[in-house]
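K.L.:
give the three-dimensional model of this entry:
(2 chains)
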Amino acid sequence: MSDLVDLYQEMVLDHNNRPRNFQKLEDASNTADGYNPLCGDQISVYLKVENGVIADVGFQGVGCAISKSSASMMTQSVKGKTIQEAEALFQEFHTMVTRDPGTEYKASGLGELEVLSGVCAFPNRIKCASLAWHTLTASLHNSQGGHATTE
Amino acid sequence: MTTKSSFDVEAIRKDFPILNREVQGNPLVYLDNAATSQKPQSVIDKLVSYYSEINANVHRGVHTLSQEATEKYEGARSKVRNLINAKEDAEIIFTRGTTEGINLVAQTLGVQRVGEGDEVIISNMEHHSNVVPWQILCDQIGAHLRVVPINDDGELLMDEYEKLLSPRTKLVSIVHLSNALGTINPVKDIVAIAHQHGVPVLLDGAQSAPHLPVDVQDLDCDFYTFSGHKLYGPTGIGILYGKRELLESMPPFQSGGDMIKSVTFEKTLYNDLPYKFEAGTPHIAGAIGLGAAVDYVNTIGLDRAAAYEHELLEYGTEQLQAIEGLKLIGTAQHKSGVLSFLLEGIHPHDIGTVLDTQGIAIRTGHHCTQPLMQRFRIPATARASLAFYNTKAEIDALVEGIYKTFEVFS
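P.N.:
Sure thing, here's the model as predicted:
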């Protein structure tokens, strides 16, 4: 039960109910679609990249509470970051959600994203948490129409 | 004379060792039987005894072990023939499962009979395994897939089906019992109507073989295919039933050893049925295990099991419908033990995770029926699917788990 409380923290539920930056950017410079074929979750990420900086970001899609809240928090955390900073954040996030559940997570600048640290105790939900990030990476590498999949 | 009240589910549960285990500190409540069913001890023992006492290749050895293995393998075929009342053993082909059975027909009879501009009829509630093989066939030869629509309860629109049949129709392939909705389709009528147009019918029996008594001669279907692992048997084994005259007219599927009578570099003579369609060393242990599973369900009686499962379904439907914010998907009049549902504001994947922490195993997702999900305009459902070893107490646990889910997301 405590794992469950860790997983569905209040902030996760809040982002699920009221996702931030939940919109298509009409003037996006980079876009990608992400798909988790196992559960059918779909997400589109829109970026406005200016001089190597993510000036604006939005997302749309359907998914579970974990994938939706992760996407919402991802958009908040990468806005205003350089591409390199955003990619480094993903690395850090990935390390957090894939660590051995027995180990304590040492805070390292992920900020709000740390509320998803409990995902590591649910191996079959790690892909839900990382779908938005994989899609972000795909959009950074494709000006238009990038694709990401968790499989 | 047996009555449904004499169905001793507690005794039956003792036959399934896995039902004793705990998941996350709770007794396992296994409600994912449409994905795969659990195995009775007799099936597990049969696999062990085959490998520890008999193991040998079939159909080719003069030695004792090979003869014993062949006898058991062919014995399993007879058991399957009896289970679905086929006319003869030669009409039962061992496959890897339902998927391979459908692919076999698509790539043999399909290629032989379906031409450019012709049509194959399936339905809106098919599993991907009864969609994609026909799509591939149609792409190969420039034929078209036609889809029988369904109503909001998840029932086939039979009038529309009749309208779809035309001189261009070369094959009908329909699911007997829907894995995602639980709908039992009127397959006898479907077959009879297709036959009026001279069109052969394949029935996907993956869900019906384990949960309904099936008589292929009475249904008069041309093909019927199912998987062992959903019928309390091992994975990796299934069967395709086909009428002899059709199987004989069809070219081989895979080729290699055991499916031939003689081979020269100039010409190969194919073997008789059913071996013509069983190239290579088969899954001998799996077939023997499936035979043991058939023996097991015969001791219970599929008619009695179906009656008990229906009783559970009615109880579960009533309990679930009483939950505010829950919507059942699949409310056909003729249904088997599948409870597909949505909870308001909660994604099925999250429902599955919360229930798992209570030891309750259900399936969440599109159930390999994406076109069906599109029909209902939903991405996924949560699905509890029943077997004869489930109990009303387990349905109560599910209901409690659903309230717990609401609590977590409140």
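
K.L.:
and the end-to-end length of stretch A:117-131?
P.N.:
From its first residue to its last, stretch A:117-131 covers 15 Å (Cα to Cα, to the nearest Å).

K.L.:
how about stretch B:98-115?
P.N.:
For stretch B:98-115, the first-to-last residue distance is 25 Å (Cα to Cα).

K.L.:
what of stretch B:153-166?
P.N.:
Start-to-end, stretch B:153-166 (Cα to Cα) is 27 Å.

K.L.:
also stretch A:36-52?
P.N.:
For stretch A:36-52, the first-to-last residue distance is 28 Å (Cα to Cα).

K.L.:
enumerate the residues of chain B near chain A.
P.N.:
B:345-350, B:353-354, B:357, B:364-366, B:370, B:373, B:379-380, B:408-409 (Cβ under 8 Å from any Cβ of the partner chain). Just so you know, the C-beta spots here come from the backbone N, C-alpha and C atoms, and that holds for glycine as well.

K.L.:
just the buried ones from these?
P.N.:
B:346-350, B:353-354, B:357, B:364-366, B:370, B:373, B:379-380, B:408-409 (16 or more other Cβ atoms under 10 Å in any protein chain shown).

K.L.:
and B:Val120, how far is that from B:Lys267?
P.N.:
32 Å (Cβ to Cβ, to the nearest Å).

K.L.:
who's more crowded, the two?
P.N.:
Set side by side, B:Val120 and B:Lys267 show more neighbours around B:Val120, with 26 against 7, by other Cβ atoms under 10 Å in any protein chain shown.

K.L.:
residues in contact with whichever residue of the stretch 151-300 of chain B sits closest to chain A?
P.N.:
Residue nearest to chain A within the stretch 151-300 of chain B: B:Ala180 (12.5 Å; Cβ to the nearest Cβ). Residues near B:Ala180 by Cβ atoms under 8 Å, 6 or more residues apart in numbering or on different chains: B:125, B:127, B:329-330, B:338, B:340, B:366-367, B:369, B:372-373, B:381, B:383.

K.L.:
kindly report the same for B:Val294.
P.N.:
B:Ala76, B:Lys79, B:Val80, B:Asn82, B:Leu83, B:Leu231, B:Gly233.

K.L.:
surely A:Ile43 and A:Cys64 touch.
P.N.:
No. Counting by Cβ atoms under 8 Å, A:Ile43 stays clear of A:Cys64, with 11.2 Å between them.

K.L.:
neighbour count winner among these two?
P.N.:
Legend: neighbour count by other Cβ under 10 Å for A:Ile43 and A:Cys64, higher for A:Cys64 (28 against 25).

K.L.:
how near is that one to A:Ser44?
P.N.:
16 Å.

K.L.:
which ones among the buried ones among the residues of chain B next to chain A lie within helices?
P.N.:
Among those, the subset assigned to helices under DSSP state H consists of B:Pro348, B:His349, B:Asp350, B:Thr353, B:Val354, B:Thr357, B:Gln370, B:Met373, B:Val408.

K.L.:
which stretches in chain A count as helices?
P.N.:
Here chain A has its helices, by DSSP H, at A:2-7, A:10-17, A:65-78, A:83-97, A:126-141.

K.L.:
right, and B:Val43 touches B:Gly233 too?
P.N.:
Yes. B:Val43 sits in contact with B:Gly233 when judged by Cβ under 8 Å, with a separation of 5.9 Å.

K.L.:
any residues in contact with both of those two?
P.N.:
Listed as contacting both B:Val43 and B:Gly233 by Cβ under 8 Å, 6+ apart are B:Gly289, B:Ala292, B:Ala293.

K.L.:
now the last one. Nearest residue, chain neighbours left out?
P.N.:
So the one you mean is B:Ala293. B:Gly233 (3.4 Å; Cβ to Cβ, 6 or more residues apart in numbering or on different chains).

K.L.:
the first one now?
P.N.:
Spatially, and ignoring its direct neighbours in sequence, B:Gly289 is nearest to B:Pro234 (4.1 Å; Cβ to Cβ, 6+ apart).

K.L.:
next one: the one you found from B:Gly205, what distance?
P.N.:
Taking Cβ to Cβ, one finds B:Pro234 at 17 Å from B:Gly205.

K.L.:
show me which of these two is the more surrounded one.
P.N.:
B:Gly205 (32 against 23).

K.L.:
B:Gln24 versus the residue of chain A found nearest chain B, what's the distance?
P.N.:
Proximity to chain B, evaluated over chain A using Cβ to the nearest Cβ, is greatest for A:Cys64 at 3.8 Å. Distance of A:Cys64 to B:Gln24, given as Cβ to Cβ: 19 Å.
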